[in-house]
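*Asks:* sequence plus the predicted model coming up.
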Amino acid sequence: MQIITSIDEMRRFSRAVRAQGRTLALVPTMGALHEGHLSLAGRATDECDVAAVSIFVNPAQFTPGEDYARYPRNLECDLDLLVPRQVDAAFAPDAAQIYPPGFDTFVEPGRLAEKLEGAARPGHFRGVATVVVKLLNIVQPDVVCFGQKDFQQAVIVRHLIRDLNLDVRMAVCPVVREPDGLARSSRNAYLDAEDRPAARVLHQSLERARELAEAGEIDARLIVQEMRKTLGREPGVATDYATIVDATDLEPVERVERGSVALVAARAEAVRLIDNLILGPAGATDEDRLELVFGPALKRL
Ligand code: PAF
């Protein structure tokens, strides 16, 4: 695996891949890699001839007072995890390269970025959109892979690719979970022994929504009430939002349909966690559910 730390070298790598007539997939990450990221890396190697993973803790997407300074960073450990996954290049630039002195141009993602996570973390998606466009411009991949775990981010990036005519296809991969259902996240590392079991309640609330929807319940208000009731079972967990939205505009729905999305955000003590579930017919696989929102999975280019 090639470890690349400069933008020029990354461009040279990408140009060489194209000159050989091969295809390139990118997995953008902020490091602190876990099984969720590794499943994206696996998808990248399935979709394209060459796979690159970027590792960059993006200061622009942290709001004031958030955990930028203490966000887990361990490049050596991340690289060790990528090697056995047949990743060809790790791109790990420093902040001064991505945001040189005088940097003053941002990508503003619009209304989708104002709700849910955007309401809780103003400016977050502006930072995400900016760095994603920069990474796509630097790496020039054929395919970019995102996780369903950050559902709103995936919807915003899809919109961004369309609105800005970016020449890249997007693959969205299912949430990867711990055995007890907790969605894998780099921030799970912040959960202490006491908060960790309580955090399961996010997934349990989504499972309750799934159960009701699959039993034929279509009243979103009633399902959300049940989700809140489940979340309320853990006194250490404070719900930020529990909602069911339309996957295109992220507005709350009244009637649940196939492809509506249940979303939760909550704090387990100081740790803010998010999770989601795409509602579909009983027996649908994670991939079937993703297809309801993001269309047919890409086939290898
Ligand atoms: O999902 C993430 O880890 C980040 O938001 C991303 C897409 C790598 C941009 O910094």
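*Replies:* Arrived safely, thanks for sending. Just so it is clear, the structure is predicted and the values come from calculations on it, not from any experiment.
*Asks:* just the pLDDT for residue 299.
*Replies:* For residue 299, the pLDDT comes out at 70.
*Asks:* what about the residue of the stretch 51-200 of the chain at minimum distance from the ligand, how many neighbours?
*Replies:* Here the stretch 51-200 of the chain gets closest to the ligand at one residue, residue 58, 3.9 Å apart by Cβ to the nearest ligand atom. Every residue, glycine included, has its C-beta placed from N, CA and C. Using other Cβ atoms under 10 Å, the number of residues around residue 58 comes to 21.
*Asks:* so residue 118 is in which element?
*Replies:* Using DSSP states H and E, residue 118 sits in helix 117-120.
*Asks:* which neighbouring elements make contact with that helix?
*Replies:* In this structure, helix 117-120 packs against helix 124-139, helix 151-163, with contacts taken as 3 or more Cβ pairs under 8 Å, 6 or more residues apart in numbering; DSSP states H and E.
*Asks:* next, give phi and psi for the nearest residue to residue 180 once chain neighbours are set aside.
*Replies:* Once flanking residues are discounted, residue 180 sits nearest to residue 200: 5.1 Å by Cβ to Cβ, 6 or more residues apart in numbering. When quoted as degrees, to the nearest 10, the phi and psi of residue 200 stand at phi -60, psi -20.
*Asks:* residue 200 touches residue 177, doesn't it?
*Replies:* No: counting by Cβ atoms under 8 Å, residue 200 does not reach residue 177; the two are 10.0 Å apart.
*Asks:* need the phi and psi values for the spatially closest residue to residue 143 that is not a sequence neighbour.
*Replies:* Residue nearest to residue 143 in three dimensions, not counting chain neighbours: residue 25, with 4.2 Å by Cβ to Cβ, 6+ apart. Here is the backbone geometry of residue 25 (degrees, to the nearest 10): phi -110, psi 140.
*Asks:* mind listing what residue 25 touches?
*Replies:* Listed by Cβ atoms under 8 Å, 6 or more residues apart in numbering, the contact set of residue 25 reads 43-45, 47-48, 50-52, 141-145, 171.
*Asks:* rerun at 10 Å
*Replies:* 40-41, 43-53, 87-88, 139, 141-145, 168-169, 171, 298, 301 (Cβ atoms under 10 Å, 6 or more residues apart in numbering).
*Asks:* ok, what's across the strand from it?
*Replies:* residue 51, residue 143 (DSSP bridges).
*Asks:* tell me how far it lies from the ligand.
*Replies:* If you measure residue 25 against the ligand using Cβ to the nearest ligand atom, to the nearest Å, the figure is 14 Å.
*Asks:* please apply the same query to residue 23.
*Replies:* Residue 23 sits 21 Å away from the ligand when distances are taken as Cβ to the nearest ligand atom.
*Asks:* isn't that residue right next to residue 45, touching?
*Replies:* No: using Cβ atoms under 10 Å, residue 23 makes no contact with residue 45, being 11.1 Å away.
*Asks:* which neighbours do these two share?
*Replies:* With Cβ under 10 Å, 6+ apart as the test, residue 23 and residue 45 both reach residue 51.
*Asks:* for the residue of the stretch 51-200 of the chain closest to the ligand, what are phi and psi?
*Replies:* Per-residue torsions, residue 58: phi -90, psi 110 (degrees, to the nearest 10).
*Asks:* then the one 10 residues further on?
*Replies:* Backbone torsions of residue 68, given as degrees, to the nearest 10, read phi -50, psi -50.
*Asks:* tell me the pLDDT at it?
*Replies:* 97.
*Asks:* ok, now how distant is the residue nearest to it when sequence neighbours are not counted from residue 13?
*Replies:* The shortest distance from residue 68 to any non-neighbouring residue, by Cβ to Cβ, 6+ apart, is to residue 62 (3.9 Å). Residue 62 sits 28 Å away from residue 13, going by Cβ to Cβ, to the nearest Å.
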